[in-house]
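K.L.:
Sequence and predicted structure, then a few things I'm wondering about:
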Amino acid sequence: MKSIIGHSYEDLLRLMEERFGRGKYHAKMLFENIYQKGLLSAGKLDGQLKEYYHADLPPVSSKEEEGGTIKFLLKLEDGFESETIILPMEHYNTLCVSSQIGCRWSCAFCETGKMGMKRNLSAGEILVQLMTAQLVFKKEIRNIVFMGMGEPFDNFDNVIKAIDIFSHHWAMNLNKKNICISTVGNVDGINRFSELGATKRNDYHKLHLAVSLNGSNDEVRSRLMPVNQRWPMAKLKTALEQTAQYGKKYLLYLEYILIKDLTDGIHNGCQLIEFVQDIPNISLNLIPYNPGSDDQYEIPEQKELDRFHRQLINGGIRTFTRYSQGDQIMAACGQLGNKRK
């Protein structure tokens, strides 16, 4: 038997018609039961369905908690483990989901990059992360951020299929405006994303896009992020201009990690302002560096974090400093990367 999780409504409708001679009524019933309740149920067809499929969630192989932040690992069928974070906000929970096991881009500050690329997650393996948070841990999730392990645009089709099911009103019914995709700056993926947004189909233009910048110039960014050697900052900026999110308030974010004596300081602040100041309605998230398993960098002192923030604000940039949640359990930005396999 194989998992039915990951099937869209259209997939289930074809299944009902071709294998069971049924139609929309049973497909809708099955779709709702899978994603709202975690049940393989379509009325009198239950017995036949169970001959071929199951809707079991993967076992939780590890769970750690720090200050309300929960990091959990799911044991997948081939032995690999996905990593997911439940982040408590003031009035709701955000789920940080993974799209891959490992990552090919090898960012110098990122634990996931040190793993190398293992494989993509299927749409079903992305979906079970939310289902586990809701059905096992009983957490109400309002926001989804693709900021866990992996580069979402390297797994484009499965990520978009999972988002379509996350947001389907018969499934999880999450608004696309509450879903954010974070990329290292994969220009090929950004271009595909722009094509989707241009159609205005399925509300893809409402998705948030976050881009890891992490350098104020090409030299520093290439040192930290090999992706910059393929797509330097000017090419990245040009690609962003084509997205539906460009110029829309709170739909396009740049993320910038502050590392002592490398990305902080007045000069980096000036260069960063120069790069972003002509991007309309841009929002910039400053993220103090989160130490990994073999620390080669340091966090700037608090007074420098505050000074850098003020410099950007005074330069006319909408700026937020995002302090870590769950850094003691390796659940913060840049810390995900299970090495047990």
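P.N.:
Looks like it came in fine. In this text the structure is predicted, and so the values were computed from the model without any measurement.

K.L.:
the helices in the protein, which residues?
P.N.:
With helices called from DSSP state H, the chain shows them at 9-15, 24-32, 46-49, 111-115, 123-131, 156-167, 187-199, 218-224, 227-230, 233-240, 266-276, 302-314.

K.L.:
And the last one, what does it pack against?
P.N.:
Taking 3 or more Cβ pairs under 8 Å, 6 or more residues apart in numbering; DSSP states H and E as the contact definition, the neighbouring helices and strands of helix 302-314 are strand 252-258, helix 266-276, strand 283-288, strand 318-321. To be clear about C-beta, it is placed using only N, CA and C from the backbone, and glycine gets the same treatment.

K.L.:
Pick the most buried one from these.
P.N.:
The highest average neighbour count among the helices and strands packed on helix 302-314, using mean count of other Cβ atoms under 10 Å, belongs to strand 252-258 at a mean of 23.

K.L.:
so what strands line up beside that one?
P.N.:
strand 208-212 (parallel), strand 283-288 (parallel) (DSSP bridges).

K.L.:
For the ones you listed, please prepare JSON lines with the additional fields distance to residue 106 and mean pLDDT.
P.N.:
Below are these laid out as JSON lines (distance: least, Cβ to Cβ, whole Å; pLDDT from 0 to 100):
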{"stretch": "strand 208-212", "distance to residue 106": "13", "mean pLDDT": "98"}
{"stretch": "strand 283-288", "distance to residue 106": "19", "mean pLDDT": "96"}
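
K.L.:
Kindly reformat those strands as TSV containing distance to residue 87.
P.N.:
Below are the strands paired with strand 252-258 laid out as TSV (distance: least, Cβ to Cβ, whole Å):
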stretch	distance to residue 87
strand 208-212	14
strand 283-288	14
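
K.L.:
then the worst-scoring helix or strand of the chain on mean pLDDT to PDB, C-alphas only?
P.N.:
Every helix and strand in the chain was compared by mean pLDDT, DSSP states H and E; the lowest is helix 111-115, with a mean of 87. The C-alpha trace of helix 111-115 is given here as PDB (Å, rounded to 0.1, in the frame of the first residue of the first chain):
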ATOM      1  CA  GLU A 111      23.700  23.600   8.900                       C
ATOM      2  CA  THR A 112      21.500  22.300   6.100                       C
ATOM      3  CA  GLY A 113      24.100  23.300   3.500                       C
ATOM      4  CA  LYS A 114      26.700  21.200   5.300                       C
ATOM      5  CA  MET A 115      24.600  18.100   4.800                       C
END
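
K.L.:
just checking, what packs against it?
P.N.:
strand 100-102.

K.L.:
Not counting the strand it packs on itself, show me its contacts.
P.N.:
Outside strand 100-102, the residues that touch it by Cβ atoms under 8 Å, 6 or more residues apart in numbering are 80-82, 112, 115-121, 149-151, 154-155, 337.

K.L.:
Tell me how far the least confident helix or strand of the chain lies from the chain's centre.
P.N.:
Put simply, helix 111-115 sits 16 Å off its chain's centre (Cα atoms, centre = their mean, to the nearest Å).

K.L.:
Could you do stretch 255-265 as well?
P.N.:
22 Å.

K.L.:
cool, stretch 31-45 as well?
P.N.:
Distance, centroid of stretch 31-45 to centroid of chain: 27 Å (Cα atoms, centre = their mean).

K.L.:
Stretch 101-109 now?
P.N.:
14 Å.

K.L.:
Likewise for stretch 76-95?
P.N.:
10 Å.

K.L.:
So residue 28 sits against residue 171, correct?
P.N.:
No - the pair residue 28 / residue 171 is not scored as a contact, 10.6 Å apart, by Cβ atoms under 8 Å.

K.L.:
any common contacting residues for the two?
P.N.:
Each of residue 9 lies in contact with both residue 28 and residue 171 under the rule Cβ under 8 Å, 6+ apart.

K.L.:
Could you report the neighbour count for residue 170?
P.N.:
For residue 170, the count of nearby residues is 15 (other Cβ atoms under 10 Å).

K.L.:
next one: residue 56
P.N.:
The local packing of residue 56 (other Cβ under 10 Å) involves 13 other residues.

K.L.:
now the one 4 residues further on
P.N.:
Residue 60 is surrounded by 15 other residues when neighbours are defined as other Cβ under 10 Å.

K.L.:
Mind listing the residues bridging to the residue lying closest to it once chain neighbours are set aside?
P.N.:
Spatial nearest neighbour of residue 60, chain neighbours left out: residue 72 (5.4 Å); criterion: Cβ to Cβ, 6 or more residues apart in numbering. Applying DSSP bridges to residue 72 gives these bridge partners: residue 63, residue 84.

K.L.:
contacting residues around residue 72?
P.N.:
Here residue 72 is in contact with 60, 62-64, 83-84, 86, 132, 137 (criterion: Cβ under 8 Å, 6+ apart).

K.L.:
I'd like the residues you listed as a markdown table, with pLDDT and distance to residue 287 appended.
P.N.:
Formatted as a markdown table, these follow (pLDDT from 0 to 100; distance: Cβ to Cβ, whole Å):
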| residue | pLDDT | distance to residue 287 |
| --- | --- | --- |
| 60 | 98 | 28 |
| 62 | 96 | 25 |
| 63 | 96 | 25 |
| 64 | 95 | 21 |
| 83 | 96 | 18 |
| 84 | 97 | 19 |
| 86 | 97 | 19 |
| 132 | 98 | 26 |
| 137 | 97 | 26 |
